[in-house]
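Undergrad: I need the structure of the sequence given here:
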Amino acid sequence: MPQSRPLWLILAPAIFLMLWSAGFAVAKIGLQYAPPMTLLALRFGLVILIMAVMFLVLRPPLPETGADWLHLAIVGVLIQTVYFGFCYMAFVNGIAAGTLALIMALQPIVVALVAPRWSGEQIGWRQWGGLVLALSGTAVVIVARLDIGPAPLLGFLFSALGLGGIVMGSLWEKRFGRYHHPVTANLIGYGAGFICLLPFFAAQGVGSVEWNMPFIWVLAYLVIGNSVIAIGLLLAMIRAGEVAKVSALLFLVPPLAALVAWLALSEHMPPLAWVGLVLAGAGVYIATRKHKGTVA
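TA: Next comes the predicted model:
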């Protein structure tokens with residue numbers, strides 16, 4: 001008789017989806033009160049502090065080799081510094097939260113297409129078809145939003161660089177990653193990301209931070225909701241073999257992020273843009289959907 005799954009594992013994909021989708025709008029709200037690098041430095045510093053306390057309490061094992069330390073650090077820099085850094089820069093250069101979520105939703109497709117050359121995995125017509133559909137939907141969203149204002153070209157450049165960061169981080173983890181305790185992996189990853197953030201932080205300057213309750217709530221959400229709970233759930237689902245469900249749910253991130261941004265930031269999405277979001281989401285779903293015979 002198959003063992004029933006715990007309730008938290010049943011709810012984990014939906015909780016992860018909600019936390020991750022809302023994070024785009026929440027981060028953009030935070031940038032109203034602090035410069036991008038300052039907000040990131042505060043976020044990373046608080047996560048490191050939490051992970052350091054958890055490390056002292058739990059005493060998880062450290063990586064056994066220098067190569068393991070290096071790979072964890074590289075993934076941390078690519079995802080924490082490059083991905084989040086350029087995403088925040090895209091926000092302050094005019095990219096809407098829903099549009100950025102849509103661009104970042106292309107990550108699993110790009111990873112699937114690059115993986116054959118990187119790790120020898122095979123891809124088929126389904127991934128290519130999903131990519132074409134997703135890119136078509138993205139183009140529809142961008143064109144539809146031109147009615148609101150001119151395209152923020154610098155914002156799109158930063159979005160592309162952010163997408164490159166999370167794609168390369170995923171590919172590096174896919175090829176060189178080994179299992180490490182989540183607290184150890186996060187402590188090293190965020191530590192490396194924080195160190196590599198410092199030159200940009202110094203170049204931009206500390207800037208003024210408006211310490212008020214909305215900003216404190218934003219910071220708490222980004223640290224606890226996104227960096228601790230959401231990432232923790234993702235790692236737990238990967239270990240439990242549930243990551244395929246997260247990939248399937250990724251097609252819901254852009255419309256959900258756009259909805260939250262509309263409610264929280266009054267970001268208008270023209271009707272045609274919602275059609276594009278549906279097309280792009282369908283493309284992500286098609287490209288990441290597992291075959292019936294595939295074991296997650």
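Undergrad: for this structure, which spans come out with low pLDDT?
TA: For the chain, applying pLDDT under 70 flags the ranges 1-3, 115-124, 146-151, 205-206, 235-236, 238-250, 288-296.
Undergrad: need the helices for it, in chain order.
TA: Along the chain, counting by DSSP state H, helices occupy 7-30, 36-58, 66-76, 85-92, 97-104, 107-119, 125-145, 153-176, 182-204, 213-220, 231-239, 243-249, 253-265, 271-288.
Undergrad: Other residues contacting the third one?
TA: Contacts made with helix 66-76 from outside it, assessed by C-beta atoms under 8 Å, 6 or more residues apart in numbering, are listed as 63, 169, 172-173, 176-178, 180, 185, 188-193. C-beta coordinates here come from the backbone N, C-alpha and C atoms, glycine included.
Undergrad: Dump that helix to CSV, restricted to CA.
TA: The C-alpha trace of helix 66-76 is given here as CSV (Å, rounded to 0.1, in the frame of the first residue of the first chain):
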residue,chain,number,x,y,z
GLY,A,66,37.5,22.7,-2.5
ALA,A,67,35.7,22.0,-5.8
ASP,A,68,32.4,21.6,-3.9
TRP,A,69,33.0,25.0,-2.2
LEU,A,70,33.8,26.6,-5.5
HIS,A,71,30.7,25.2,-7.3
LEU,A,72,28.4,26.3,-4.5
ALA,A,73,30.0,29.8,-4.7
ILE,A,74,29.7,30.0,-8.5
VAL,A,75,26.0,29.0,-8.4
GLY,A,76,25.4,31.5,-5.6
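Undergrad: And E64, its phi and psi?
TA: phi -80, psi -30 (degrees, to the nearest 10).
Undergrad: try W211
TA: phi -80, psi 100.
Undergrad: From Y83, how far out is the closest residue to it other than its chain neighbours?
TA: Closest residue to W211 apart from its sequence neighbours, by C-beta to C-beta, 6 or more residues apart in numbering: Y33 at 7.9 Å. Relative to Y83, Y33 is positioned 22 Å away (C-beta to C-beta, to the nearest Å).
Undergrad: Next: L9.
TA: In terms of C-beta to C-beta, L9 sits 27 Å off from Y83.
Undergrad: okay, now L17: neighbour count?
TA: L17 is flanked by 19 other residues according to other C-beta atoms under 10 Å.
Undergrad: That one contacts L256, correct?
TA: Yes. With contact defined as C-beta atoms under 8 Å, L17 reaches L256; the gap is 7.0 Å.
Undergrad: list the contacts for the closest residue in space to I48 that isn't next to it in sequence?
TA: Distances taken as C-beta to C-beta, 6+ apart place Y190 nearest to I48, at 5.2 Å, with adjacent residues excluded. Taking C-beta under 8 Å, 6+ apart, we find Y190 in contact with F44, V47, I48, M51, G76, Q80, S227.
Undergrad: what comes up buried for stretch 199-216?
TA: Residues of stretch 199-216 classed as buried by neighbour count (16 or more other C-beta atoms under 10 Å): F201, F215.
Undergrad: Could you tell me the end-to-end distance of that stretch?
TA: One end of stretch 199-216 to the other measures 25 Å (C-alpha to C-alpha, to the nearest Å).
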